[in-house]
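Undergrad: model this:
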Amino acid sequence: MGCVSAVPPPRTEADEPEAPDSRSSRRSVAFALLLGALGATVVLLASGRVWARGTAAIGGDALPLAADGRTVTGLPAALAIVGLAALVAVFAVRGKGRLLVSGLLALSGLGAGLSALFGADGRRALDAEAARTTADTAAHVAGLTQTTWPYVTAAGAVLLLASGLLALRFGKGWPSMGGRYERDGSPRPRAAAAVDPDRPEDLWKALDRGEDPTGDSRADRSR
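TA: Numbers count the residues shown, from 1 in each chain. This next block holds a predicted model:
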């Protein structure tokens with residue numbers, strides 16, 4: 001009877017259970033990308049909507065006026081674009097650079113939210129519109145009302161801020177662009193392919209790679 005070996009077969013990488021840190025890292029990357037992209041999109045769209053309405057007296061009539069978010073303040077839209085750029089740049093840098101870019105992403109969301117809330121009134125923009133429309137520098141808007149769009153803009157900015165905070169907290173373990181790089185940022189060394197001097201096709205492939213296929217054989221002959 002043959003002897004049956006009790007040694008188990010070697011385990012491969014596919015057999016290894018996935019590390020919890022790897023799963024949490026992937027989840028945090030997905031959440032940060034989703035929150036950042038969604039937040040910036042909301043800010044850009046909502047800042048283009050009407051934030052405030054009012055009227056200006058011209059003659060005996062009341063002229064309706066309206067001001068969108070970008071007329072009231074251009075900061076939320078500008079900071080949303082900065083935030084999008086920072087969100088992409090997070091995956092292009094490592095170390096302290098990633099920390100700085102993550103901080104820029106968070107500050108973009110914070111600044112966009114605060115500027116949306118402080119500019120929600122829209123009175124200054126409508127006063128300027130009333131003066132321009134009536135050709136009277138002393139004209140002021142009357143019947144001022146605000147819409148909900150400034151607060152929608154601020155909500156989108158909060159999502160952008162959350163994306164930056166996730167990057168600050170978990171970004172150290174996120175991957176970077178380019179799979180050919182190790183954790184320290186250096187390129188992975190490529191092992192030279194073995195060349196069989198008796199196979200002409202191997203010699204041609206080595207020449208195509210810029211290698212000297214005769215170097216090893218010459219060294220062998222010299223020994």
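Undergrad: remind me which residues of the protein are low pLDDT?
TA: 1-25, 176-223 (pLDDT under 70).
Undergrad: what segments of it are strands?
TA: Secondary structure of the chain (DSSP state E): strands at 50-58, 61-68, 142-146.
Undergrad: between those, which one is nearest to Leu160?
TA: Ranking the strands of the chain by proximity to Leu160 (Cβ to Cβ) places strand 50-58 first, at 18.8 Å. Any C-beta I mention is one placed from the backbone N, CA and C, and that applies to glycine too.
Undergrad: ok, and what's touching the closest one?
TA: Residues from elsewhere that reach strand 50-58 (Cβ atoms under 8 Å, 6 or more residues apart in numbering): 62-69, 72, 119-123, 125-126, 129-130, 133-134, 139-147, 149-150.
Undergrad: out of the residues you listed, which are buried?
TA: In the contacts of strand 50-58, burial by neighbour count holds for 65-69, 72, 119-120, 122-123, 125-126, 129-130, 134, 139, 141, 144, 146-147, 149-150, counting by 16 or more other Cβ atoms under 10 Å.
Undergrad: so which of those residues sit within helices?
TA: Those of those mapping onto helices are 69, 72, 123, 125-126, 129-130, 134, 149-150, per DSSP state H.
Undergrad: re earlier: turn the strands of the chain into JSON lines, columns for distance to Arg27.
TA: Formatted as JSON lines, the strands of the chain follow (distance: least, Cβ to Cβ, whole Å):
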{"stretch": "strand 50-58", "distance to Arg27": "36"}
{"stretch": "strand 61-68", "distance to Arg27": "37"}
{"stretch": "strand 142-146", "distance to Arg27": "38"}
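Undergrad: so for Ala162, which of those sits nearest?
TA: That would be strand 50-58 among these, by Cβ to Cβ, at 23.4 Å.
Undergrad: give the buried residues for that closest one.
TA: For strand 50-58, the neighbour count (16+ other Cβ under 10 Å) marks 51-56 as buried.
Undergrad: ok, the ones in helices among the buried ones among the contacts of strand 50-58 vs Ala30, which is closest?
TA: Distance to Ala30 across these (Cβ to Cβ) is lowest for Trp149, with 28.5 Å.
Undergrad: any chance of the ones in helices among the buried ones among the contacts of strand 50-58 in a markdown table, with distance to Leu33 too?
TA: A markdown table is the format used below for those (distance: Cβ to Cβ, whole Å):
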| residue | distance to Leu33 |
| --- | --- |
| Gly69 | 25 |
| Val72 | 30 |
| Arg123 | 38 |
| Ala125 | 34 |
| Leu126 | 38 |
| Glu129 | 39 |
| Ala130 | 43 |
| Thr134 | 48 |
| Trp149 | 25 |
| Pro150 | 26 |
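Undergrad: Leu161: which of those is nearest?
TA: Once Cβ to Cβ is applied, the member of these that ends up nearest Leu161 is Pro150, at 16.3 Å.
Undergrad: now do the closest residue to Leu159 other than its chain neighbours against Gly60, distance only.
TA: The shortest distance from Leu159 to any non-neighbouring residue, by Cβ to Cβ, 6 or more residues apart in numbering, is to Gly39 (3.0 Å). Going from Gly39 to Gly60 by Cβ to Cβ, to the nearest Å gives 46 Å.
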